[in-house]
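Engineer: here's my sequence, what's the structure:
(one chain, ligands or ions: 1)
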Amino acid sequence: MALVDDLVEKGALKNPNLIRAFRAVDRWDFVPEPMKDFAYVDEPLAIGEGQTISQPWTVAFMLELLSPSPGDNIMEVGYGSGWQTALLAYVGANVYAVERIPKLCEWGKRNVEKCGFRGVKFFCQDGTMGLPDIAKRVGGFDKIIAAASGRELPPAWKNQLKTGGKIIAPIGHSIFEFTKRTKAAFDAFPHHSFAFVPLISDNDSKW
Ligand code: SAH
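Structural biologist: Residues are numbered from 1 along each chain as shown. As a prediction, this is how the structure comes out:
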């Protein structure tokens, strides 16, 4: 696939597991009918409901930072088309995927399942509160990734992350890499100049 070769050449994709996943999971399966011709263009594309399937370069960049491993318990907020969900599942992570727009919840889940991934758990709800029951059950998420940008990191995500865990999330126009050092101490490292759809909370507008 020329798109994946291009991402490797540009240095966006380096992790061999991720390169394999990008080759195996076809973005074409995750774009709506009218957009199929553009599936391999390195651009975000409309998926309906005012949302987009993220730009391949951005997905590659965020997944490289996340560095998913087989067996990781990962919460994904804003699964939309399900493309990134399938990439994470291909790597062998246990994916807990959250999306708040009912039509996309259905469509994204169907896209992932059509590709043969059965292990993903889908939740159609506001992801800003995280998934407290799951977090408790798995002893905290190893990693959290978000595809929509808020003004600050929802505290629930911080609480539901394991010590040593990582959150890759956009805040404003930057992608932040948060590492949980201790129960209360986080390192935050920003990467600037990205564009995301807003993270919308059902409860208040803080995030
Ligand atoms: N990874 C997806 C990105 C979709 S765009 C893809 O590449 O297809 C970001 C998504 O985040 C949108 O579908 C939007 O509905 C969703 N979103 C925004 N706020 C959210 C929230 N509070 N909880 C869950 N999903 C949210």
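
Engineer: next, see if the longest helix anywhere in the chain gets close to the ligand.
Structural biologist: What stands out as the longest helix in the chain, according to DSSP state H, is helix 102-114. Yes - using C-beta under 6 Å from any ligand atom, we find that helix 102-114 touches the ligand at residue 104. Where you see a C-beta, it was placed from the backbone N, CA and C, and this is true even at glycine.

Engineer: can you pull the buried residues of that helix?
Structural biologist: 104, 105, 107, 108, 109, 111, 112 (16 or more other C-beta atoms under 10 Å).

Engineer: could you pull up the residues touching the first one?
Structural biologist: Looking back up the chat, that one is residue 104. By C-beta atoms under 8 Å, 6 or more residues apart in numbering, the contact set of residue 104 is 47, 48, 49, 51, 79, 80, 81.

Engineer: kindly recompute the last result at 10 Å.
Structural biologist: With contact set as C-beta atoms under 10 Å, 6 or more residues apart in numbering, residue 104 has these partners: 47, 48, 49, 51, 78, 79, 80, 81, 82, 111, 124.

Engineer: same deal with the second one?
Structural biologist: Neighbour list for residue 105: 79, 80, 82, 97, 98, 99, 122, 123, 124, 125 [criterion: C-beta under 10 Å, 6+ apart].

Engineer: mind giving me the PyMOL command for buried ones among the residues you listed?
Structural biologist: In PyMOL, a selection of the buried entries from these looks like this (16+ other C-beta under 10 Å):
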select buried, resi 79+80+82+97+98+99+122+123+124
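
Engineer: so what's residue 189 scoring on pLDDT?
Structural biologist: Predicted confidence (pLDDT) for residue 189: 97.

Engineer: typo on my end, residue 205
Structural biologist: 56.

Engineer: same question for the biggest strand by length in the chain, mean pLDDT?
Structural biologist: Secondary structure of the chain per DSSP state E: the longest strand is strand 161-171. Strand 161-171 shows a mean pLDDT of 98 in the predicted model.

Engineer: turn the buried residues of helix 102-114 into CSV, including pLDDT and distance to residue 68.
Structural biologist: Formatted as CSV, the buried residues of helix 102-114 follow (pLDDT from 0 to 100; distance: C-beta to C-beta, whole Å):
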residue, pLDDT, distance to residue 68
104, 98, 22
105, 98, 22
107, 98, 23
108, 98, 18
109, 98, 19
111, 98, 19
112, 98, 15
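
Engineer: please, where are all the helices along the protein?
Structural biologist: Using DSSP H, helices in the chain cover 2-9, 16-24, 56-66, 83-91, 102-114, 132-138, 155-159.

Engineer: need the contact list for residue 31.
Structural biologist: Counted by C-beta under 10 Å, 6+ apart, residue 31 has contacts 37, 38, 39, 40, 41, 45, 46, 47, 53, 81, 83, 111.
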